[in-house]
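1. Sharing a model prediction with you, sequence too.
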Amino acid sequence: MSNLIAYLQTPAAIRAQAEQMFQLAQQDQLKHFRYHPEAIATVTAYVLANLRSNYPGLDVPFHSRWRHFEVGGCDRLVQLQTLIPHLSPRDRVKTLYELAIASVLLDAGAGPSWQYQEADTGQTWQRSEGLAIASFRMFMAGGFSSDPEHPYQADAVGLQAITPEHLAPHFQVTENNNLVGIQGRSQLLRTLGHIVATTPDVFGSKAPRLGNLVDYLVPVGIQTLPAPHIFAAIITHFGRIWPGRLVLDGVNLGDVWSHSQVGYVPFHKLSQWLTYSLIEPLAHLGVKVTDLDQLTGLAEYRNGGLCLDLGLLSLKDPDQAARTHRPDSELIVEWRSLTLACLDRIAAGIRTQLNQSAQELPLVKILQGGTWAAGRKIAAELRIDGRPPLLIESDGTVF
């Protein structure tokens, strides 16, 4: 059993189980979805057109939380950096890690009606950008710190104090501006605070804080770090934060679900999104992150919506599009799993057309330059509110 648990917590398992689901789709043996191979060229062309439009010079950055902090022509990180010039490069990276981790864990879908008005710029944001900016402003206000003398941090005590009532004003939540899953989001951060407080070998024993993960991952002198090592640390040490998930031998499996034909199906969407978001700050320490393409795409509704909206996947029962589905439903598990397999094939097609290797154009860049943005674009073209093609019941901890 321990071997199975360890396997399900690897990127290799995510990709292998997705491929198993994909093989069933190719044989038209799934209950909910069909795969249409004739559409792969159309989808690839659509994504490539978006990539070229968004990044004409093909200088595509990583798909990470840092992109959301840059929206609206405002480099918000400069505001933070001007407040911490006295910190050493390592301590600045710790600060960036704390901002990224807290923000990513607050990033699950906001719902179609919630919005955030940014006082500094007068801009109004929704969905991922709104959540990013709200969490950034909360960080800048010391909302994750218990120490007024050191507001720009996320420490164990500060995280454990977060409640829905604590989050609500920072995210401008009112009766008329509802944020989906605020209870689940606050519980994630409180549980994370408990983990930080009780894992001294990772987060420190004296005034434990989230950013000490930097010392755990890259001790002084380390110059290279495989991306799967970051992912493994997140899965190992953050795994207990996920609520209501499958448990094997007392181990919470996190973003792992069950399917009658495939068995356990892991996704670890937020953990991989977090891994991608923790790579860039390490450049400040001269650390090169390798083996990026051992990670997978992200099984979420923009990438999945792209495949469904452009006809690469189709519902066997079209009426399901009008119903709301739980994340543990086999329909959603199939959709997310097929999305991952399709992303690998879209990426391969784009690299072929651009004559680039996986090292030159890793999947994390194709997600940013192409699939995620393309999924949002086609959703906006097809539906007035830009919602995904399937409705998902969110508790604020999955997507």
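-> On my side now, so go ahead. Residues are numbered from 1 along each chain as shown.

2. Going by C-alpha atoms from here, please, whenever you check contacts or count neighbours.
-> OK.

3. Can you name every helix or strand that the helix ranked longest in the chain contacts?
-> The helix of greatest length in the chain, counted in residues with DSSP state H as the criterion, is given as helix 330-354. Under the contact criterion of 3 or more C-alpha pairs under 8 Å, 6 or more residues apart in numbering; DSSP states H and E, the helices and strands touching helix 330-354 comprise helix 11-26, strand 33-35, helix 40-54, strand 256-259, helix 301-309, helix 363-366.

4. Spatially central residue in the protein, please.
-> Centrality entry for the chain: nearest residue to the mean C-alpha point is Trp273, 3.1 Å, by C-alpha atoms, centre = their mean.

5. which ones are touching that residue?
-> For Trp273, the contacting residues are 64-65, 104, 298, by C-alpha atoms under 8 Å, 6 or more residues apart in numbering.

6. ok, back up a step: between the helices and strands packed on helix 330-354, which one is closest to Glu280.
-> helix 363-366 (11.9 Å; C-alpha to C-alpha).

7. now the helix or strand hosting the residue nearest to the centre of the chain against helix 11-26, angle please.
-> Under the assignment given by DSSP states H and E, the secondary-structure element containing Trp273 is helix 269-277. Calculated by axes from the mean of the first three to the mean of the last three C-alpha atoms, to 10 degrees, helix 269-277 forms an angle of 130 degrees with helix 11-26.

8. distance between helix 269-277 and the chain's centre?
-> The gap between where helix 269-277 is centred and where its chain is centred comes out at 5 Å by C-alpha atoms, centre = their mean, to the nearest Å.

9. remind me which residues of this protein are low pLDDT?
-> 109, 244, 395-399 (pLDDT under 70).

10. What ranges does the protein have for its strands?
-> Using DSSP state E, the strands of the chain run over 33-35, 115-117, 124-126, 224-226, 247-248, 251-252, 256-259, 263-266, 288-290, 313-315, 324-325, 391-392.

11. Tell me which of the ones you listed is the most buried.
-> Each of the strands of the chain was assessed for mean neighbour count using mean count of other C-alpha atoms under 10 Å. The highest is strand 33-35, with a mean of 22.

12. Dump stretch 134-144 to CSV, restricted to CA.
-> Coordinates of the C-alpha atoms in stretch 134-144 are reproduced here as CSV (Å, rounded to 0.1, in the frame of the first residue of the first chain):
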residue,chain,number,x,y,z
ALA,A,134,-6.7,40.5,-3.7
SER,A,135,-4.3,38.1,-2.1
PHE,A,136,-1.4,40.4,-3.1
ARG,A,137,-3.0,43.4,-1.4
MET,A,138,-3.8,41.2,1.6
PHE,A,139,-0.1,40.2,1.8
MET,A,140,0.9,43.9,1.5
ALA,A,141,-1.4,44.7,4.4
GLY,A,142,0.2,42.1,6.6
GLY,A,143,-2.8,39.8,6.4
PHE,A,144,-0.7,36.6,6.7
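
13. isn't Leu391 right next to Gln320, touching?
-> No: between Leu391 and Gln320 there is no contact under C-alpha atoms under 8 Å: 9.0 Å.

14. In CSV, list the strands of the chain along with distance to Glu19.
-> What follows is those, written out as CSV (distance: least, C-alpha to C-alpha, whole Å):
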stretch, distance to Glu19
strand 33-35, 13
strand 115-117, 37
strand 124-126, 34
strand 224-226, 23
strand 247-248, 23
strand 251-252, 24
strand 256-259, 14
strand 263-266, 11
strand 288-290, 24
strand 313-315, 15
strand 324-325, 23
strand 391-392, 23
